[in-house]
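pasting a predicted model and its sequence here:
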Amino acid sequence: MLKERTISRERDMSQVANFYKERFGCAHSHIAKEINKATSLIIVIPIFNEPDVISTLESLKACHLPNDPVEVILVINNSENGKTETIKQNELTRQEIIAWLKKNKTPKLTFNLMLENKLPAKHAGVGLARKIGMDEALYRLGKIGKNGIIACLDADCRVDSNYLETISGLYGQGEFTSGHLYFEHPLEEEEANIREGIINYELGLRYYVQALKFIQYPYAYHTIGSCMITSAKTYALSGGMNRRKAGEDFYFLHKIFPLGGHKTFNKTCVYPSPRISDRVPFGTGRAMGKWMDMVNACKKSDKMPEYEYYALQSFLDLGKFIAAVPCFWKYADQEIEKIMADLPRS
């Protein structure tokens, strides 16, 4: 009986992956190497113009290995009209990864390298790169009929030594759907102004989520791409990752939240880099760049820069709207208009 249920689950996951591939997925699988049938966790890392991805690989290698084997999919990516310097850096990164992989072979932690340097200019970016890698992870898990876990990480992150064990341990424990890992930006080695900026930025992120919880917004979770984890089936049923050039994590997770079961896991930690970056229109790197611009501008006037964020009143006003939403399903249009008229104008 147990064998029959196992076969049924395998067929079910294989069908889910195939259906996704036909409706939402990338046209074909990229990795020819067979996946170990015991694999239950695949980590996807998009890489673009990244000078220090080896530190991330070393961080993963230093982790305690779980019982089941783990795969890592590295997606080096660029636009079809990418700049010369990013093309050169991507090639240098590719060579560094290949050299590192030759020296660091671990049977239970395997790395697959994908080169996607000719992505359509209209869609090229972190969203499409994540999608390519996450789709591939889904196809590979589908081949072995496993509703395994797909985890996202960025190429400038470090992780706790129990990172792999913690995520892998979620497989088979009840009906895991999706989650978000705890995060902290590293402070020890940063210059004073960068350290102050990233502290303000991270406090802003935490204030945002806590304010959403306070007004009882139902999906008050962090939405940081390098901390996302999802079951293969949840990924497929949600329609997969989008192709946005920035904010892809926010929009992807807000498709998943309504499916239920999303949780925050605090027993391990991801350490995103606080570095300045202009690779995406917004996010940590861009926010740090703006902060340093303010720091440099204030040096001329001997004033300290101030970090601005959403006023609490804006959340309180939003909370009144959220509290009124259930009424929209009960009342006639005239009564709804009266409710709307009484809401804050902000």
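Thanks, I have the structure now. Numbers count the residues shown, from 1 in each chain.

where do the strands sit along the stretch 201-346 of the chain?
In the stretch 201-346 of the chain, the strands defined using DSSP state E, counting those that start in this stretch lie at 228-231, 262-271.

so what strands line up beside the last one?
So the one you mean is strand 262-271. strand 158-159 (antiparallel), strand 178-183 (parallel) (DSSP bridges).

hmm, back to that, highest average neighbour count across the strands of the stretch 201-346 of the chain?
Scoring the strands of the stretch 201-346 of the chain by mean neighbour count under mean count of other C-beta atoms under 10 Å gives strand 228-231 as the most buried, with a mean of 26. The way it works is simple: take the backbone N, C-alpha and C, and place the C-beta from them, glycine included.

pLDDT on that one, on average?
Mean pLDDT, taken over the full extent of strand 228-231, equals 97.

likewise for stretch 64-75?
Averaging pLDDT along stretch 64-75 gives 96.

measure that stretch end to end?
Stretch 64-75 has an end-to-end distance of 24 Å (C-alpha to C-alpha, to the nearest Å).

buried sites along it?
Within stretch 64-75, the residues that qualify as buried are 66, 68-75, counting by 16 or more other C-beta atoms under 10 Å.

these in strands, which ones?
Members of these lying in strands (criterion: DSSP state E): 70-75.

can you give me the end-to-end span of stretch 25-34?
Criterion C-alpha to C-alpha; first-to-last residue distance in stretch 25-34 is 20 Å.

which residues sit in contact with the nearest residue to Thr264 once chain neighbours are set aside?
Among residues not flanking Thr264 along the chain, His180 sits closest, at 5.3 Å (C-beta to C-beta, 6 or more residues apart in numbering). His180 sits next to 221-224, 227-229, 253, 262-265 when contact means C-beta atoms under 8 Å, 6 or more residues apart in numbering.

just the residues you listed now: which is nearest Cys26?
Nearest to Cys26, judged by C-beta to C-beta, of the contacts of His180 is Met228 at 18.7 Å.

grab the nearest non-local neighbour of the closest one.
Distances taken as C-beta to C-beta, 6+ apart place Cys152 nearest to Met228, at 4.4 Å, with adjacent residues excluded.

okay, that neighbour: pLDDT?
Model confidence at Cys152, expressed as pLDDT, equals 98.

wait, doesn't it sit right on Met134?
Yes: between Cys152 and Met134 a contact is recorded at 7.4 Å, counting by C-beta atoms under 8 Å.
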